[in-house]
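Participant: what shape does this take:
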Amino acid sequence: MIRLVDYTLTEADGQQWVTVVKDIDADTGGVTRNIHRFPAATVSIRAGEYGLTGLDEALDVVLHEPFLTDDPAAALLTARSIDAARIAHLERIAAVKRVHAKRSGQKDTGDVLTRLGAALRIDPDLARAHAARTRAIRARLRPDTEEP
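Facilitator: Below is the predicted model:
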């Protein structure tokens, strides 16, 4: 199970960074502390890449991606469509959450996630730019793509 313990927002190199502290139940029965640092813009970038419309969904993806065992970028760029890539990616995220939930039987909810969600937002311009970038790359790699 992954539990958010705390987060901080900082400015560095002209951009906002999020540092999230997570406790992860280990297979051995212990708990591992995990520090996950990412640019706050990552939430908007994932929203654009996968066509995610809600902040909760985009934040959920960003917080659980480090625990994936495969490369989500490869699937994003080679899937039949963006919709297919989004569905597959959300299924991978759900699988990661199920594995961790089985370890403790608790859900990853709480005040920290609520506060973090309130502190971030999806920048629609950045999301649109990354959606266009993703479509352009996919068109080069997959000329048979279903997107316009």
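
Participant: going forward, measure contacts and count neighbours with C-alpha atoms only.
Facilitator: Fine.

Participant: where's Arg128, which helix or strand?
Facilitator: Using DSSP states H and E, Arg128 sits in helix 124-141.

Participant: need the strands for the protein, in chain order.
Facilitator: 2-12, 15-25, 31-39 (DSSP state E).

Participant: tell me what the last one is packed against?
Facilitator: This means strand 31-39. strand 15-25 (3 or more Cα pairs under 8 Å, 6 or more residues apart in numbering; DSSP states H and E).

Participant: now the strand it packs on and strand 31-39, what's the angle there?
Facilitator: 160 degrees (axes from the mean of the first three to the mean of the last three Cα atoms, to 10 degrees).

Participant: low-confidence ranges, this protein, go.
Facilitator: 1, 25-29, 100-112, 145-148 (pLDDT under 70).

Participant: which one of the strands of the chain lies closest to Ala47?
Facilitator: Set against Ala47 and scored by Cα to Cα, these come closest in strand 31-39, at 13.9 Å.
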